[in-house]
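*Asks:* how does the following fold in three dimensions:
(3 chains)
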Amino acid sequence: MIDHVDGLELRTEDLFAGYGGSPVVHGVSVSVGPGEIVSIVGPNGSGKSTLLKSIVGVLETLSGRVLIGGRDVTGWPSENVARIGVGYVPQVDDVFGPLTVRENLEMGGYLLPSREVAPRMHHVLSVFPQLERMTGRRASKLSGGERKMLAMGRALMLAPALIVLDEPTANLAPIIAKTVLQEHVRQLAATGASVLVVEQRARAVLEISNRTYVLGGGRLQMEGTPDELSSSPEFVNSFLGGNRRAV
Amino acid sequence: MLIVGSVFVASIGFGVVSAAVLALAAVGFTLQFAVTNVLNLAYGAVMIVSAYAAYELNIHGVNIWIATLGAIAAGALLSVFLNNVVYTPFQRRGSSPIALVIVSLGMTLILEFGTQALAGANNVSYNMSQGATVSAGSIQLTVVQLVIVGLSLVVMVLVHALIRYSKLGKAMRATAANRNLARNCGIRTGRVVMLTWLISGALCGLAGATFAMNSGTFGATSTDVFLVLILAAVFLGGPGQPYGAMLGALIIGVTTEVSASFIVSDYKDVIAFVILLAMLAVRPTGLLGTPMEAGRT
Amino acid sequence: MVYYITNLLVYAGVDAIACLGLSAQFGVGGVTNFGFIIFQAAGAYVAGVLSLPSSSADGGFQHYVLGLNLPFPLPWIGAAIVGGLLAIPFASIVGRRLRGDFAAVGLLVTAVMFNLLVNNYVPLFNGAAGLSLVPSPLQSHFNPQGAEYQWGYAAVAILLTLATYWFVQRITNAPFGRSLRAMRDNDLVADSLGKNVRSLRTSSLIIGGAIAGLSGAVLVGFINLWDPQAWGYAETVVLFAAVIIGGLGNNRGAILGAVLVPVAFEEATRYIPPVNGNPNLVPALQWVVIGLLILLFLWFRPQGILPERRRRLSTRPLPDEATAAAATDGGWSLPGPNGPGPSAGSDHPGLIEPLAPALPSEGAPAGDVILEGRDLVRTFQGVVAVDGVSMAFQRGRLTGIIGPNGAGKSTVLAMLAGTLPATSGQVLLAGEDVTSLPAYRRARKGLVRTFQLASEFKRLTVLENLVVAIPGQRGETFRGAMLGRRYWGTQERELVERAESMLERFGLLALADRYAGDLSGGQRRLVEIMRALMAGPDVLLLDEPMAGVHPRLAHQIGTQLVRLCQEGTTVIMVEHELSIMDEFGDSVFVLADGRVLAEGTMAALRAQEEVVEAYLVG
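*Replies:* Residues are numbered from 1 along each chain as shown, chains lettered A, B, ... in the order given. Coordinates of the predicted model:
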């Protein structure tokens, strides 16, 4: 059984974000249509994580706007962004370490009315059956792949209409990475949610995306469909130091 | 032999009373640490201010148990004030944990000696009767002491219910484990922190009033040594672990009183001190704690 | 009136001496010793019992030990010695890898408990009554009540204050003091640079303890009383307040704080009339004000009234700072392991050891393998981060280690440097197996690494950051510090000049006397590289040196690194910025999924399908 949600539209307008007042992201405008899977790729240090953090409210924007579902959410604290149906899976510190798998999922369902928690959890566990076996285990004791599944499951508890994922396959073995992207991220989108995913593994994420942006040096370098990009030599070069801009 | 035996058993009774007061205090302290990562060394000072608040009501004719509600309110409000007005601003600007400890020591001076300036340096006591003495074998406790133990047990059950079953309890645990992620789950962590200090402050106030009742007389600096017992209980159970604090309080409360039946009673608190240092040296995560990063200055 | 002034002076002296000791411990060494007051109390006690007659005298109404009735100044010397010795058990509490605030709490608790013990234990301490009738020094020769004696005592107190000031100045101005401050700023990095942090902490405690003990002796000889109440929890906080308000890490600030907080404060409130009905109001308010002052100062002026002095080590006029942004062409050679260095006279032990004695020097052909990793494996909690990596690095070359995220590059570097132990495999430095050696030992053999996150000592100047990296300096030991500038001055000057040359070469000479913490990210990165070079390594391991660095600066760094290689240093860098490798790298290893995927020049690798794929696949 797959719940259906109405995917939220995401749009950033000329977004500047960074740490301590100096921008890492320079005037980036991206969009995710309802129900789309959009990926952002680029070499290390290109500002991908920073961009996501400012979208979900973990980091303050320096200038520009963020619109979700047509609403201006620029500068909103992250708990309020979560409350309008945005699920965020950070790259690190993505689970509640001292809590068990079950408790992690419960926390994910914090905003739900209590009678909906159990059926919701049942559904999430059916999406990630490996977690079913270890509901009593502490999150800090899980392997890398299991943790990432738990992190995504936790975000899924609220049946989010927009899911934002920051390098979900970082530090995962290639086979597991493939599964995470091709199965799990696809499943998240299958609920109707819009998905924005940042990735280092460009090839793999291109396979599941509707559209892709390439970020380099904090700026948008390219955008297009996976077919357009993978046949472009410029795309390949942007990963191998073709762009000389360090952040 | 028989006499020593009955002194020993009697001391266990006193130990349980001591543990009851200590549990109230230690659980409050550890909750503050869990959610805000601050070692609030002004906790003892807030206790004594609350005790004095009850005293003021008491000497104006209010029954001591009603006045205790005043102590609870005082503890709660003062603790929220302490966190919002003092600790949080320093934390926001990136002060080191050591700086926060020094800040809390400064607050201790302000609170304790401010109280002394207002109330005078003489020790005071509540206008109350300790009630009849109840015996069970060698254990002899007054009614008041029994009430304190009962009160503490009830509160422990309530705390357990709060942490395990209530929505706020869940939010507190999430905030303590990973504040940013808790926010991503939609939890308003700012509110959670404030409520935690309100509740732990209430515990602090109650601990202050019962401490004063159990001590007989008290003065503005009476909780200085008691703070050591609180720290010992907290670190024994594991800093940030409420159930650890309860366990630690029981162990510390009983062992300090029992040790008084063997060594000169003036030194009974020394055993708490030894336990605390041993825990810091050997297992700073406590008996129930999970491994934390060490060496943060 | 006379007594009022002499009283004031003696108390000021006692507090000033104590604060100097605390400043040395807390301000300079960064050791938060909330048990400080115990040392003063112990010193006072020892001075008391050493100068008192045997305890059966005067009818035996007091209980204490010793009672040797020793003449002045022996009790005072004893006090200082015991104060210092007492530091040793304390060092074991602070020395462990404990969270700073946890350790501080342990010490605070110790102070409280000590007070409890002392208040109660009669045989040794006479309980709450303390000790009275402690003889004044030289009381058999002079009348202690007389005005001349009082002035004399005050003069002695002031002299001792000045002597303590001189002593602490000598320590803090020497390289020893610099090592303490480095430990304070970043003890992990100080450790990786070869500073024995444990010994530094212990020294810090011993010095502070001895000074505190002395201050206790001065006090007890004056008031002829040893009162346990005088050394409680609140008194500890007052001393900390004094040092914070006066200025942490500034010796004059310590004296100022001592005069302002305990002394002036006490005197000022003396003149406020007691409020009717509450005789305790004023003394209690004193404490409240001290608490308020602590909070206010920590908020508005945490550096204190007299902040820690910035030490200007530069020996020549510095160019203006605008030039720091422009590249300079050094053009001349950096003293390396075989080049000119500080005079290495063999008659003094503890001089800078010639670095890398194990490496073959002149005559070795450039291009031979100087560093090698064989079948390096690293597993952690069941995850295999590095899966059998073998790499050989040639002398005098700039080699890169590249690869997508999570390939294990930093882990390999850490295993080569010794900061991470290899689960299996070997590391060979110039043919010698160094696999079991920890990082600081490899550093002494000429293998030095930098860290990814900025690890400069923020409150040391740039010059100090560079000079502190050199091991085995004369002035770094306590003895060396006490022997004074005459002993370590020449070497210091040479090291500073060497550091200045390094700065000039990298174009940052203008920043020599600036605090390293005030520099921009790129400049701090350069300082870190320069610091690694100061030790004159043969092999330099750089962990993402260009991360977050402006392209123009990255280019400068690259040029400097190439020059270093031409001079014989081997440079190995983990890097993400592939354009750097294009321009400066001789050859490159590509790592993916914990294994070596390919090796060669960047141009060649770009043409290889699987390398390209590795980057796109991630």
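
*Asks:* show me where the stretch 251-400 of chain C has strands.
*Replies:* Secondary structure of the stretch 251-400 of chain C, counting by DSSP state E, counting those that start in this stretch: strands at C:369-380, C:383-394, C:398-402.

*Asks:* give me the contacts around the shortest one.
*Replies:* Right, strand C:398-402. C:391, C:393, C:409, C:412-413, C:561-562, C:565, C:570-576, C:578, C:580-581, C:584-591 (CB atoms under 8 Å, 6 or more residues apart in numbering or on different chains). Glycine gets a C-beta too; all of them are placed from N, C-alpha and C.

*Asks:* in its sheet, which strands sit next to it, and in what direction?
*Replies:* According to DSSP bridges, the neighbouring strands of strand C:398-402, each with its direction, are strand C:570-574 (parallel), strand C:587-592 (parallel).

*Asks:* tilt between the last one and strand C:383-394?
*Replies:* Which is strand C:587-592. Compare the direction of strand C:587-592 with that of strand C:383-394 by axes from the mean of the first three to the mean of the last three CA atoms, to 10 degrees and you get 170 degrees.

*Asks:* what's the following helix or strand after strand C:587-592?
*Replies:* Sequence-wise, the next helix or strand beyond strand C:587-592 is strand C:595-600, with elements assigned using DSSP states H and E.

*Asks:* same question for the shortest one.
*Replies:* Per DSSP H and E, the first helix or strand lying C-terminal to strand C:570-574 is helix C:578-584.

*Asks:* now the strands of the stretch 251-400 of chain C as JSON lines including mean neighbour count?
*Replies:* Putting these into JSON lines (neighbours: other CB atoms under 10 Å in any protein chain shown) gives the following:
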{"stretch": "strand C:369-380", "mean neighbour count": "18"}
{"stretch": "strand C:383-394", "mean neighbour count": "18"}
{"stretch": "strand C:398-402", "mean neighbour count": "26"}
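
*Asks:* packing partners of the helix ranked longest in chain B?
*Replies:* Taking residue count as the measure and DSSP state H as the definition, the longest helix of chain B comes out as helix B:2-36. Under the contact criterion of 3 or more CB pairs under 8 Å, 6 or more residues apart in numbering or on different chains; DSSP states H and E, helix B:2-36 touches helix B:43-59, strand B:139-142, helix B:143-165, helix B:167-177, helix B:189-215, helix B:223-237, helix B:242-260.

*Asks:* C:Val462 versus the closest residue in space to C:Pro319 that isn't next to it in sequence, what's the distance?
*Replies:* Nearest residue to C:Pro319 in three dimensions, chain neighbours excluded: C:Ala510, at 4.8 Å (CB to CB, 6 or more residues apart in numbering or on different chains). Look at C:Ala510 and C:Val462: by CB to CB, to the nearest Å, they are 10 Å apart.

*Asks:* so between these two, which is more surrounded?
*Replies:* Each of C:Ala510 and C:Val462 had its neighbours counted (other CB atoms under 10 Å in any protein chain shown), and the higher figure belongs to C:Val462 (30 against 19).

*Asks:* for the closest residue to B:Ala45 other than its chain neighbours, the count of nearby residues, please.
*Replies:* The shortest distance from B:Ala45 to any residue other than its chain neighbours is 3.8 Å, reached at B:Leu111 (CB to CB, 6+ apart). In terms of burial, B:Leu111 registers 22 neighbours under the definition other CB under 10 Å.

*Asks:* what's the helix or strand for B:Leu111?
*Replies:* Under the assignment given by DSSP H and E, the secondary-structure element containing B:Leu111 is helix B:97-119.

*Asks:* go through that helix and flag the buried ones.
*Replies:* Going by neighbour count (16 or more other CB atoms under 10 Å in any protein chain shown), the buried part of helix B:97-119 is B:97-117, B:119.

*Asks:* give the other helices and strands that the helix or strand containing C:Ala103 contacts.
*Replies:* Under the assignment given by DSSP H and E, the secondary-structure element containing C:Ala103 is helix C:100-120. Using 3+ CB pairs under 8 Å, 6+ apart as the contact criterion, the elements in contact with helix C:100-120 are helix B:97-119, helix B:223-237, helix B:270-282, helix C:36-51, helix C:74-94, helix C:122-125, helix C:233-246.

*Asks:* mind putting these in a markdown table, mean pLDDT and distance to A:His26 included?
*Replies:* Compiled in a markdown table, the helices and strands packed on helix C:100-120 are given as follows (pLDDT from 0 to 100; distance: least, CB to CB, whole Å):
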| stretch | mean pLDDT | distance to A:His26 |
| --- | --- | --- |
| helix B:97-119 | 92 | 36 |
| helix B:223-237 | 90 | 48 |
| helix B:270-282 | 81 | 48 |
| helix C:36-51 | 87 | 52 |
| helix C:74-94 | 83 | 47 |
| helix C:122-125 | 67 | 69 |
| helix C:233-246 | 86 | 42 |
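
*Asks:* same list (those helices) but as TSV, adding distance to C:Ala598.
*Replies:* Formatted as TSV, the entries for the helices and strands packed on helix C:100-120 read as follows, by distance: least, CB to CB, whole Å:
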stretch	distance to C:Ala598
helix B:97-119	47
helix B:223-237	53
helix B:270-282	50
helix C:36-51	60
helix C:74-94	50
helix C:122-125	74
helix C:233-246	58
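
*Asks:* quickly list what the residue nearest the centre of chain A is bridged to.
*Replies:* Centrality entry for chain A: nearest residue to the mean C-alpha point is A:Leu165, 1.2 Å, by CA atoms, centre = their mean. In this structure, A:Leu165 has beta-bridge partners A:Val89, A:Val197, where bridges are defined by DSSP bridges.

*Asks:* this completes my enquiry, with thanks.
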